[in-house]
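[1] generate a structure from the sequence data that follows.
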Amino acid sequence: MAAGSGGAEGCWCMGVTISPQVLERVPDELKNQACLCPDCAAGRERNQDADSEETCANE
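    Model (predicted):
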């Protein structure tokens, strides 16, 4: 989950379905520890201008 968030239950990503193919790209050490950015969660390339501490599976 992103740094400074109020917990997993308050994260936007808990309310969406993320494909197994996208989740496979998340490094093992970050699984269940960090949020994906919305672009990565949707399988798109990340907006490199995004000012975020979310994990990007495309990096």
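[2] for the rest of this, base every contact and every neighbour count on C-alpha atoms.
    OK.
[3] remind me which residues of the chain are low pLDDT?
    For the chain, residues meeting the criterion pLDDT under 70 lie at 1-9, 46-59.
[4] go again with 50.
    For the chain, applying pLDDT under 50 flags the ranges 1-6.
[5] that one: helices as residue ranges?
    With helices called from DSSP state H, the chain shows them at 20-24, 38-41.
[6] mind listing what's buried in the first one?
    What that stands for is helix 20-24. Val22, Leu23 (16 or more other CA atoms under 10 Å).
[7] outside of it, which residues touch it?
    Residues outside helix 20-24 that contact it (CA atoms under 8 Å, 6 or more residues apart in numbering): Cys40, Ala41, Ala42, Gly43, Ala57.
[8] before we move on, back to that, closest to Trp12 out of the helices of the chain?
    helix 38-41 (8.8 Å; CA to CA).
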